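Student: Using only what follows, build the 3D model:
(2 chains, ligands or ions: 1)
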Amino acid sequence: MSDGNQPPANLKVVGTRPIRPDGVDKVTGRAQFGADFHLPGMLTGRIKRSPHAHARIVKIDVSAAEKLPGVKAIVTGAEFDVGAGGDIEAGEHAAAMKDVADNCLANGKVFYKGHAVAAVAATSPEIAAEAVDLIEVAYEVLPHVVDVDAAMAPGAPVLHEDMFTKGVMPKPAKASNVAQKHVMGRGDVAGAFAAADVVVEGRYTTAAVHQGYIEPHACVAAWGADGQSTIWCSSQGQFLVRAMTARILNLPLSDIKVIPAEIGGGFGGKTTVYLEPVALALSRKCGRPVKLVMSREEVFLASGPTSGSSMDIRLAATKDGKLTAAEMTLRYQAGAFAGSPVNLGCMTAFACYDVEHLALVGYDVVSNRPKVAAYRAPGAPMAAFAVECAIDDLARKLNIDPIDLRIRNAVKDGAKTVYGATVRHSAFVETLEAVKAHPHYKAKLGPGQARGVAAGFWFNIGGESSAAVHVDEDGGATVVSSNPDIGGSRASMAMMAAETLGLPIERVRCTVADTTSIGFSGSTGGSRVTFATGMAVVEAAQKVVADLKRRAAQTWECDVAHVDWKDGVATCLDPSKDVKPLSLKALAGKSARTGGPIAAEVSLNAQGAAAGYGVHVCDLEIDPETGRTTILRYTAAQDVGRAIHPAYVEGQLQGGAAQGVGWALNEEYVYNAKGLLDNASFLDYRMPVASDLPMIDTILVEAKPNPRHPYGAKGVGEVPIVPSLAAVANAVSAIVGRRMTSLPLSPAKVLAATRAS
Amino acid sequence: MSGVEYLSPGSVAEAVKALQVEGARVMAGGTDLLVQMRVGRAKPRVVVDLKRIPGIADIREQDGAFIIGAAASGAAIGEHEGLRKAWPGVVEAANLIGSTQVQGRASLGGNLCNASPAADSVPALIAAGAACVIAGPKGEREAPVEAIQTAPGKTSLAANEVLVAFRLPKRAVYSGDAYLRLIPRTEMDIAVVGAGVSVTLDASGKCVDARVSVGAVAPTALLVEAAGAALIGSSFEEVALAKLEAAVAAAAKPISDKRGTAEYRTKVAAVLARRAALIARDRAKA
Ligand SMILES: Cc1cc2nc3c(=O)[nH]c(=O)nc-3n(C[C@H](O)[C@H](O)[C@H](O)COP(=O)(O)OP(=O)(O)OC[C@H]3O[C@@H](n4cnc5c(N)ncnc54)[C@H](O)[C@@H]3O)c2cc1C
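Tutor: Presented below is the predicted three-dimensional model:
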């Protein structure tokens, strides 16, 4: 095993590409997703939602709905009783529970079209729908604001009368839509700008975009007569659903069991609750199980997109391309309640570069939009869009190759980040060099084509995880994971266990346990599962190996120090013993006689997650008469530590790039003059379809395996969305002949800019 | 969707009779109707499925003319070799509708009668000079395709009329047609603009007949007669094409919405009409 410096070589399972264990179930339809559970006597729930962007609820009259035969329960926000306690760590940021509750069912005011106001449970979907129509809500419609800059302007309608900007001294006298101001920086920025050879600057905007997971939110909740309840749902964390539901309904954690369903995508968007507390409140009221499933329209209207943003940036550099200073203001939409990832935008903006003088200001701004939720590297893609476009400007101005300019300024191990961490185990320079050496970067462009390059960073996290390894009597093993599998983690968990135990991968299965069957774990988010939960799996497997060695020593009556474990077989090193090696299978078969079942569970708080860096290259062309962009070739390179299952790592890179291309080209929340979302469907919310993209090429850079993980793994799931916005935008700008600063780069916008230049 | 009666008449006469009932709606492929019922936008009491009527989904050639049953699916249209040769523009428009799955059901009758201004096959059918055969209580009548849509979601068909078939005229020797649409993506999207053009040339390559139609730039698909006139007598020189573009831009009366701005639609309608005209010309020469 690792001595803590270099991960082991000569691996048999790690680094191979076995068939995905959940694949057959998914392609045959046998997999059970959130909406697939049925219980006897189950009712259908349905949610009444606000038709207004901003309104005070004057009265909710449920009397007519209650009288409708088949209606069994109706709840409003009055049913919630948010228990005491601080914020809950949710994916990548802390969730204020009062806000989460008010988002699940409005409390006095609605803040966006689609905001939940009441819910019904009835004996059929038709009756539930009719009951929702019968609920009468009297509103006092209020002026609304959806744009982030407009929401910050003096005189803007204020959403929360008790919102006084945090982070400014003294406390503001007036309420505003700015929830918090974040300031970070170092050095003498003004001095560095005064001394600069070159300065580039720009103002950039990005639209709010949705995670676009295929599976809408869904759950079944069953309240027990003894007050103990069960929830079946698809989420990124069964423990998180339990914690949030318990807090909102003021229940003890141990009275709620959450059973994770198969999950059809999350990308961060399933690290909060929308339905579970509502379904459980309905079930509590009528004593029957209640199912709640969102429609796609509800997903768009009322579940988290990520922030739209507006940003100002200035860079200072020497004439040979050394970045000396940067100044940036970031304004991020939080949606209806505080909590945009603008602080993460500030922290990541310049994390790729060694810049001595930095000044960053971030504003977390509420407006009449759905509350944002985490989305793949929350906050980083927008900031990277502005930074990487500005660096592209600098490269053009100085006539330096964009990769060379980035290599010149790349962070190296030992550098200090603006948020205080020291850079370790980074392979950013190696990633840039890998791109430079790749055939794509050297390929000639055709007439009318252009190439964009951009980089990106994500922290990756560790944190609390639990896992168990059970050796079966026939010599196979079962791994019990605490994390919903959204990116193929059952495969990588099984692979790491197989490697450690010395078993072939086919003899190890992995399952995801409910909240009562395994120790606590943080959610599947922050690119943490292969790192942190993987660490727990490996430690549990190591404990099993130690136990197996002890049992072999006991059998042979030798010292355990004389037992060697290799490839799933114990060998006696004591020359005085004439004994045959004992395989895992043999030891498992007689476990009853050597101390009972062979199993181990490990709970830990994983430290040492190493950050990741990505570099993307995008070739494209634009129809000059229609402004339509076609992506011709795309390569994503990434510092991945070591890839446990390379095919899934490549899949993460391709998926992140695909989502980023959508963000860059066509995705946006479109609001009408009344502040109502106008495109709540996959028809008009234009995510890329398969035929929009070429095969995305990947380069896995394994130059710096993470020594803090037994097999060298780093998080890989979030980095790959970060560079893609600017990689596309830099190529589009090159063709248009002017800097394109506003996403999405839709055909109409590009055509107008082409004609103007 | 509770309480909906489903009828599948075995003849056009029976279908017309079934439509006498208040709240009855025709269904062909159902790819518009069922989606609208699911979201509550359409609430028919009776659904009259046409697909069991003999011949309603057939494609027939008669002395060089084609008769396409109103319920013929996009897939069947795409597989009909004779039709593909004679009317490649109509076929490519029909085949742009939806995905492979949708193609198995979506019909030209449904595309026209759903009366979306962005319906893909409609500009191609108008450019082709197609006529509709319509059955009602008093028998059959014929009307040109451009007379059917009257406003978004509205047609000139009476509630008890059924569109039975489309008639495509016999082609002259040097004839060709084409349909192009603009969508920001590559598929599964609704036309921001669509343009259909059909031309006939003489032996020297000069245009002797032309029809131009654009979609998604007005409440209904438009037949732009001035654009066709711009081509007639020309050999597709720049001057003629510029006139065609100007005529299309002048005729376009688009709105700005989530799918595109009015300005953009106007510009792109002209561009697509020109491009479609050139493709139609090349096909006519081939
Ligand atoms: C996923 C998806 C993608 C789509 N993509 C496209 C696209 O790219 N382009 C496009 O143009 N459309 C698209 N559509 C819309 C739809 O598929 C087409 O309009 C299709 O041609 C409708 O045909 P249908 O036979 O399914 O019509 P139906 O749904 O059966 O009927 C549509 C309407 O026409 C009426 N009707 C049907 N037939 C007759 C008749 N013979 N006489 C009188 N009235 C009639 C019905 O009462 C109804 O009002 C898409 C739909 C879906 C679900």
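Student: mind giving me the domain ranges of chain B?
Tutor: Using automatic domain parsing, the domain parsing of chain B gives B:5-49, B:59-168, B:175-285.
Student: Please identify the residue of the stretch 151-300 of chain A positioned nearest to the ligand.
Tutor: A:R296 (12.3 Å; C-beta to the nearest ligand atom). (Glycine included, C-beta is placed from N, CA and C.)
Student: Skipping its backbone neighbours, what lies nearest the most centrally placed residue in chain B in space?
Tutor: Central residue of chain B (C-alpha atoms, centre = their mean): B:V122, 2.0 Å from the mean position. Nearest residue to B:V122 in three dimensions, chain neighbours excluded: B:A221, at 4.3 Å (C-beta to C-beta, 6 or more residues apart in numbering or on different chains).
Student: contacting residues for that neighbour?
Tutor: B:A221 makes contact with B:P117, B:A119, B:V122, B:P123, B:I126, B:E146, B:Q149, B:G194, B:S213, B:V214, B:G215 under the criterion C-beta atoms under 8 Å, 6 or more residues apart in numbering or on different chains.
Student: how close does it sit to B:A270?
Tutor: Distance of B:A221 to B:A270, computed by C-beta to C-beta, to the nearest Å: 16 Å.
Student: ok so A:N483 is a helix residue?
Tutor: No - checked against DSSP: H, G, I helix; E, B strand; the rest coil, A:N483 lies outside a helix; its state is coil.
Student: Tell me which strands whichever strand or helix holds A:L315 pairs with, and in which orientation.
Tutor: Element membership for A:L315, per DSSP states H and E: strand A:309-317. Strand partners for strand A:309-317, identified by DSSP bridges, are recorded as strand A:198-206 (antiparallel), strand A:323-335 (antiparallel).
Student: can you tell me the average pLDDT over the shortest one?
Tutor: Computed over strand A:198-206, the mean pLDDT rounds to 98.
Student: buried set for it?
Tutor: A:V200, A:Y204, A:T205, A:T206 (16 or more other C-beta atoms under 10 Å in any protein chain shown).
Student: which residues pair with the last one across the strands?
Tutor: Legend: beta-bridge partners of A:T206 under DSSP bridges are A:S309.
Student: pretty sure it is touching A:G308, no?
Tutor: Yes - between A:T206 and A:G308 there is a contact at 5.9 Å, judged by C-beta atoms under 8 Å.
Student: can you list the residues of the stretch 251-400 of chain A near chain B?
Tutor: Within the stretch 251-400 of chain A, the residues that sit near chain B (C-beta under 8 Å from any C-beta of the partner chain) are A:E297.
Student: Contact residues of the stretch 251-400 of chain A facing the ligand?
Tutor: Within the stretch 251-400 of chain A, no position is near the ligand by C-beta under 6 Å from any ligand atom.
Student: Would you check how far apart the residue in the stretch 251-400 of chain A positioned nearest to chain B and B:R38 are?
Tutor: Closest contact between the stretch 251-400 of chain A and chain B, by C-beta to the nearest C-beta, is at A:E297 (7.9 Å). In this view, A:E297 and B:R38 are 11 Å apart by C-beta to C-beta.
Student: Help me confirm that A:G534 comes into contact with A:A713.
Tutor: Yes - A:G534 is in contact with A:A713 according to C-beta under 8 Å; the separation is 6.0 Å.
Student: Identify, by residue count, the longest helix of chain B.
Tutor: Criterion DSSP state H: the longest helix present in chain B is helix B:262-285.
Student: starting at the chain centroid, how far to that helix?
Tutor: 17 Å (C-alpha atoms, centre = their mean, to the nearest Å).
Student: helices and strands around it, which ones?
Tutor: Other elements packing on helix B:262-285 under the criterion 3 or more C-beta pairs under 8 Å, 6 or more residues apart in numbering or on different chains; DSSP states H and E are helix A:747-756, helix B:88-96, strand B:175-182, strand B:193-201, strand B:207-215, helix B:238-251.
Student: how deep is the residue of the stretch 151-300 of chain A closest to the ligand tucked in, by neighbour count?
Tutor: When neighbours are defined as other C-beta atoms under 10 Å in any protein chain shown, A:R296 has 14 of them.
Student: next one: A:A450
Tutor: A:A450 has 18 nearby residues by other C-beta under 10 Å.
Student: Where does it sit, in terms of helix or strand?
Tutor: Element membership of A:A450, judged by DSSP H and E, is strand A:449-458.
Student: partner strands of that strand, parallel or antiparallel?
Tutor: Applying DSSP bridges to the sheet, strand A:449-458 is found paired with strand A:612-622 (antiparallel).
Student: mind giving me CSV with the buried residues of strand A:198-206 and columns for distance to A:Y669?
Tutor: Listed next are those as CSV, based on distance: C-beta to C-beta, whole Å:
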residue, distance to A:Y669
A:V200, 30
A:Y204, 17
A:T205, 13
A:T206, 11
